[in-house]
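S.K.: missing the sequence, but the structure's below:
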Ligand code: NAD
């Protein structure tokens, strides 16, 4: 049988790493029927939108996508394509495993944690009010009256919605993920001492869900600032981190840094029976077309996809091949060398080929 998978190469370095991952996935022997679709800069030219309806429709039908990164211009044009994609498909959970690999330089050892981030709410909801606009001034006046807080009249506002339903949904996802992946503990991360209403609700919802798991998975909650410090002191103490959207975004980059950087950080965005697999890193436009960047994060996202499809054995083999190449440290891109100017560094395509070779042996 062949799996129907939507393939979105993306832009910037996207096509290079996405194709590297696709070749590695095909080399496992698992069969795919790829439905190639556009998003990002390439789509704007062809469809006048960075996120064409036919791309969304393809994912709705296949239920699985492998996606390269996509550029979001800052301050102008469209809001993030990635945020739009998650909203349109209700991909409410972002999962980012972070583990140390022998051969990848980092001050830390034996880190093996998973960031589970809520994807639909929080300051990422995009409910913003620009400074000086009449509706902003009106809202400020209403808020001053309702709260007695001295909000400056020239302030801009961003709204942070956190609901019990979305918090319970992501907490349940984190516990189910922990159970199905042999994880022992979920840590809910928040700032409930300051944001008593929003983060307080997130923490309370997580606690309620934890109660229904009856000690099968341990639970604790921690403040986000303390968690950051503990993560850089003793990252080995963490297992599954459960976070609202904004803290999840920031801490997943922090955790990627703990294990050697964005080059080795895979991810997935999941909804009810629908999943988009993509690296944590972005489109790194300055490296576009240079055949230089590290394909590992995208290939490991492919390993997660195999796992999701139930192809456990193929996932294990591909994961082991990546691990072996990283451990040997020979056939790797510049960022994985001790000296970034090491002339023995190889290109994106060549590293993928080395992984495929390893897979065959
Ligand atoms: P980025 O992750 O694209 O790049 C930051 C730096 O990290 C690069 O300059 C490079 O030094 C390093 N890096 C990233 N990927 C690498 C790889 N595979 N191998 C080696 N080094 C790598 O972050 P940015 O520069 O902040 O964002 C660029 C664009 O990507 C922005 O438009 C942003 O919105 C977008 N973005 C997209 C996604 C996505 O599509 N999922 C995610 C994050 C950022």
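M.R.: Cool, the structure landed. Computed from a predicted model, the values in this text were never measured in an experiment.
S.K.: count of residues packed around residue 289?
M.R.: 10 (other CB atoms under 10 Å). (Each C-beta comes from the backbone N, C-alpha and C, glycine too.)
S.K.: I misspoke; the intended subject was residue 360.
M.R.: Other residues close to residue 360 by other CB under 10 Å number 7.
S.K.: for the closest residue to it other than its chain neighbours, grab phi and psi.
M.R.: By the measure of CB to CB, 6 or more residues apart in numbering, the closest residue to residue 360 outside its immediate chain neighbours is residue 27, 7.3 Å from it. Main-chain dihedrals, residue 27, degrees, to the nearest 10: phi -70, psi -10.
S.K.: hmm, residue 27 is touching residue 357, no?
M.R.: No: using CB atoms under 8 Å, residue 27 is not in contact with residue 357; the gap is 9.1 Å.
S.K.: returning to what we had before: show me the contacts for the residue nearest to residue 360.
M.R.: 318, 356, 359, 360 (CB atoms under 8 Å, 6 or more residues apart in numbering).
S.K.: which strand residues bridge residue 242?
M.R.: Assessed by DSSP bridges, residue 242 has beta-bridge partners residue 116, residue 188.
S.K.: and the gap between it and residue 224?
M.R.: 12 Å (CB to CB, to the nearest Å).
S.K.: what residues do these two have in common as contacts?
M.R.: What both residue 242 and residue 224 touch, as defined by CB under 8 Å, 6+ apart, is the set residue 189.
S.K.: of the two, which one has the most company?
M.R.: Set side by side, residue 242 and residue 224 show more neighbours around residue 242, with 32 against 19, by other CB under 10 Å.
S.K.: mind picking the two most distant members of the contacts of residue 27?
M.R.: 318 and 360 (11.5 Å; CB to CB).
S.K.: helix or strand: which one has the residue of the stretch 151-300 of the chain at minimum distance from the ligand?
M.R.: Going by CB to the nearest ligand atom, the ligand is nearest to residue 282 of the stretch 151-300 of the chain, at 2.3 Å. Under the assignment given by DSSP states H and E, residue 282 is not contained in any helix or strand.
S.K.: okay, now the residue nearest to residue 202 when sequence neighbours are not counted: neighbour count?
M.R.: Once flanking residues are discounted, residue 202 sits nearest to residue 167: 4.7 Å by CB to CB, 6+ apart. Per other CB under 10 Å, the neighbour tally for residue 167 reads 26.
S.K.: follow-up on the earlier one: most neighbours among the contacts of residue 27, which one?
M.R.: residue 318 (27 neighbours).
S.K.: the residue sitting furthest away from the middle of the chain and residue 138, how far apart?
M.R.: What lies farthest from the middle of the chain is residue 145; by CA atoms, centre = their mean that is 39.7 Å. Applying CB to CB, the value for residue 145 to residue 138 is 11 Å.
S.K.: likewise for residue 155?
M.R.: 13 Å.
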